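Asks: just the structure for this:
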Amino acid sequence: MSCTGPVRRILGCRLDGPTLAGALDLIRDFIASGRPHQIVTLNAEMAYRASEDALLRDIINRAALVTPDGAGVVWASRLLGSPVPERVAGVDLVEGLAARAAREGWRLFLYGAAPGVAEKARERLLARYPSLAITGTAHGYLSPAEERELLARLRQARPDVLLVALGSPRQEYWIDRHLKELGIPVAMGVGGTLDVLAGEVSRAPRWMQRLGLEWLYRVAQDPRRVKRVLALPKFILKVGGQALKARIKDARPAP
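Replies: Residues are numbered from 1 along each chain as shown. As a prediction, this is how the structure comes out:
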């Protein structure tokens, strides 16, 4: 069941509707509980993939919080008649989380991205928030033996929040597989967010973000992403089909 507002389903995936501030308040509550929680930042590409991947869809629907990360899912929520109040982009959520963590004393751990990126993101975050506690970093290209060492490090470090930047859906699978054994209160897949925080990748201008064109800016920066963008028209068609079926069902006379 959704933890914030009405239950929304986009291609079979649950979508919660918190504002950015509301999501941060929920994270505070998750940390206070001490129990492990997975947060999923849902975008159109992930939703489309999950519509054909039962395991990923199940992980999304079991998550403690599913935020609307991307203009596509915000549009879909409107078309399906249960609009979310705003987009909660993963980068914005992580930046808000870092600021809040510095005030509240929450401990973070950064895992993923290319070698050196997580450490650079750590340095830049600490320059902005000197009181922020980051208990460790690790890149996302570990051998099986190194990954076992990472799990031991995480159990010893005991962060309040683990940010996993392995790309979707690998990061969602990884968190689902290890969260209970680690017992970390909050674990969230953050995709390319560490690259942005490290200054390796720039975000789209604000006007492009407002128009829902951030994906286009990313493709211009990295043309290899065009294959991922091909999921967008498929997502639009599938969501349109879901909306049409719902309207036909609503139009049927009651028995």
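Asks: helix, strand, or coil at residue 188?
Replies: Counting by DSSP: H, G, I helix; E, B strand; the rest coil, the backbone at residue 188 sits in strand.
Asks: so it touches residue 161, yeah?
Replies: Yes - using CB atoms under 8 Å, residue 188 is in contact with residue 161, at 7.2 Å. Where you see a C-beta, it was placed from the backbone N, CA and C, and this is true even at glycine.
Asks: so residue 116 touches residue 139, yeah?
Replies: Yes - counting by CB under 8 Å, residue 139 is a contact partner of residue 116 at 7.0 Å.
Asks: okay, those two: which has more neighbours?
Replies: Taking neighbours as other CB atoms under 10 Å, residue 116 and residue 139 compare with residue 139 leading, 19 against 12.
Asks: got the contact list for the more buried one?
Replies: 112, 113, 114, 115, 116, 117, 118 (CB atoms under 8 Å, 6 or more residues apart in numbering).
Asks: that one and residue 235, how far apart?
Replies: The spacing between residue 139 and residue 235, counted by CB to CB, to the nearest Å, is 31 Å.
Asks: ok, residue 148 next?
Replies: 37 Å.
Asks: for residue 120, same thing?
Replies: For residue 120, the distance to residue 235 - CB to CB - is 33 Å.
Asks: neighbour count: those two, which is higher?
Replies: Ranked by neighbour count (other CB under 10 Å), residue 120 and residue 235 place residue 235 first, with 24 against 19.
Asks: enumerate every residue touching the more buried one.
Replies: Each residue near residue 235 by CB under 8 Å, 6+ apart is listed here: 11, 44, 45, 47, 48, 72, 76.
Asks: could I get the phi/psi values of it?
Replies: With angles defined as degrees, to the nearest 10, residue 235 sits at phi -60, psi -50.
Asks: enumerate the beta-bridge partners assigned to the residue nearest to residue 161 when sequence neighbours are not counted.
Replies: Spatial nearest neighbour of residue 161, chain neighbours left out: residue 186 (4.5 Å); criterion: CB to CB, 6 or more residues apart in numbering. When assigned by DSSP bridges, residue 186 has beta-bridge partners residue 37, residue 161.
Asks: strands of the stretch 101-250 of the chain, start to end?
Replies: Using DSSP state E, counting those that start in this stretch, the strands of the stretch 101-250 of the chain run over 107-112, 133-138, 161-165, 186-189.
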